[in-house]
Every structure is written in structure tokens, then in C-alpha cells.
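Undergrad: Would you be able to build a 3D model of this:
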Amino acid sequence: MTLVRLIALAALLLATPIAPAAEDFDDYRHVYRDLVQQHSAAIVTVKFVMSVTNSGNEQRIEDRTQAVMVSSDGLLVVPERAVSLDFSKLGTATPGQASPVAKSSDFRVRLADSEDWLPADLVTRDAELGLAWLRLRNPAGKLGFVDLSTGVKAEPGMVFFSLLRTSDEWGGVPVFRPGLVLGETRSPTYRLMVDGVPGIAFSHDGKPMGYVDIDLAAMSRQGGTGLGLDLADLALRMT
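TA: Numbering: from 1, shown residues only. All right, here's what the predicted structure looks like:
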């Protein structure tokens, strides 16, 4: 067996989930029902146009992301990478050449159970937290939102649940996925390391625990392609 095939096989084995024992199985039906009832109206889709500038050439790409409504008057939280991205921070810079820079505009939000795309504006962003805030331009009435003031502290070993909304192909319906807080680090700053998917994280009773996202810069710095397969750093972050 060649080295490449051996590495591929090892990676496949590590990526294959192990079926839990019968006594360890948890029934999450009530969690799903409660999360959908409490928060599905606050999980929305954002569409935007990202302009990527590279060596004076501009390319415009339409993309979309998940967002969570955090106020009744239309304030939303989205991942900062969907608003602005400096590729030089990802370790992809070429000596003597400027790295590509991506900036987004023309934000539009589709609320739950709606076919309309509503305009939204960028309020602010925080590259260190990896978050950005948008606001609906003309919100109609009070909107469903997640009250972040009722949050609970996340700690290593805790299970959380991420509530997402599918694409149009699947009807834009709410789905959830369980995750796990793997550990914590203070290098370079305090953050929780988690196994899960990007988006708002909730406790089993629907309390917000944090925002999970990919740390693109950290992932780009991770090396190691040999047989050691050190996967301890392969984790998402929770803010």
C-alpha cells in the first residue's frame, strides 16, 4: 500500500463516527421541538455580494450565510468572514505581491416563512471576535430574536445544540446539530474549542451559550501532513 493511500485510509478511519452503545443513546426529540419553537424565527438567511480584489482585478461573487436575529428591531449577527476577509492573514501571501482582499455589500435578509429578501446594512464588525452585525433597513413590526442577556456560561464537557436553516433546495426548514465543548485555551486569548458547526449555540433548554465559527487564520497555520495525524488543534471556536 502506498504512503498516500495509507494516509487517506487513516484519515477516513478517524473521520468515521463510532456508533454509541445503546445505553449511551440520548433522545433529543424534545430538544429539537423546544429549540424550533423558541428560536427558529430568529435563524435567518443572509445573501450578499462579495467583491474580491486581486492585483487590480475585481471579481464579484454572490454568496449567503446563516444569521441570528438578536433584537426585535432587526439587529443580526453574522460571521465576520462573510463581511470582510484579508487573505494575507491566512498565510497565503506571495512575496512581492499584494494578497487578495474581499469585501461584501448588498446585504439582503430573508426571514423565516417568507419569500422576500429585505435590505440590510452593515453596522459594525469585530475581527478579533470574528463577528459582524447587520441591521434590517425597514423592519416591519417586532421580530423573533434570541435574547443574548439570558445566556449561560459554556464550559469544557458541555453539550450544545446549533440551530440552522437549510437552503432553498431543502425548503429552508430549521435543523439542529449537537456539538461538544472540547476544551479551552488562553493562547493567544481565551476561547473555547468545540466540535460542531458554525452558528449560534444553545443549551438543551434553549439558552444561548455562544457563537461557533471557523477560525480561518488558525486553520491556515496548522501544518503537519505526515503520519502523526495530530488532530488536537482541529476544532472550531466558540465566542
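Undergrad: Student question: in this structure, what's the helix or strand with minimum average pLDDT?
TA: The weakest-scoring helix or strand in the chain, judged by mean pLDDT, DSSP states H and E, is helix 3-15 (a mean of 39).
Undergrad: so after it, what's the next helix or strand?
TA: Reading on from helix 3-15 to the C-terminus, the next helix or strand found by DSSP states H and E is helix 29-39.
Undergrad: That next one: which residues count as buried?
TA: For helix 29-39, burial by neighbour count (16 or more other C-beta atoms under 10 Å) applies to 31, 35-36, 38-39. For glycine as for every other residue, the C-beta is placed from the backbone atoms N, C-alpha and C.
Undergrad: so who does residue 86 touch?
TA: Residue 86 is in contact with 99, 101-102, counting by C-beta atoms under 8 Å, 6 or more residues apart in numbering.
Undergrad: Neighbour-wise, which one of those leads?
TA: Neighbour count (other C-beta atoms under 10 Å) singles out residue 102 as the most crowded of the contacts of residue 86, with 19 neighbours.
Undergrad: Shouldn't it be within a strand?
TA: Yes. The assignment for residue 102 by DSSP: H, G, I helix; E, B strand; the rest coil puts it in a strand.
Undergrad: Spit out the contact partners of it.
TA: For residue 102, the contacting residues are 50-53, 84-87, by C-beta under 8 Å, 6+ apart.
Undergrad: make it 7 Å
TA: Residue 102 is in contact with 50-52, 84-85, counting by C-beta atoms under 7 Å, 6 or more residues apart in numbering.
Undergrad: cool, residue 237 as well?
TA: Residues near residue 237 by C-beta under 7 Å, 6+ apart: 191-193, 213, 215.
Undergrad: This structure: strands as residue ranges?
TA: All strands of the chain, identified by DSSP state E, fall at 43-54, 57-69, 75-79, 84-86, 101-110, 118-126, 131-136, 159-165, 174-185, 191-195, 199-202, 208-213, 236-238.
Undergrad: The residue nearest to residue 35 when sequence neighbours are not counted: neighbour count?
TA: Spatial nearest neighbour of residue 35, excluding adjacent residues (C-beta to C-beta, 6 or more residues apart in numbering): residue 163 at 5.1 Å. Summarising burial for residue 163: neighbours were counted as other C-beta under 10 Å, giving 24.
Undergrad: ok, residue 163 touching residue 178?
TA: No. Applying C-beta atoms under 7 Å, one finds residue 163 not in contact with residue 178, separated by 11.1 Å.
Undergrad: per-residue pLDDT, residue 93?
TA: The predicted local confidence for residue 93 comes out at a pLDDT of 56.
Undergrad: same thing with the one 4 residues further on?
TA: Reading off the per-residue confidence, residue 97 sits at a pLDDT of 66.
Undergrad: Same check on residue 239?
TA: The predicted local confidence for residue 239 comes out at a pLDDT of 88.
Undergrad: Could you pull up the residues touching it?
TA: Residue 239 sits next to 129-131, 210-211 when contact means C-beta under 7 Å, 6+ apart.
Undergrad: repeat that for 6 Å
TA: Taking C-beta atoms under 6 Å, 6 or more residues apart in numbering as the criterion, residue 239 is in contact with 129, 210-211.
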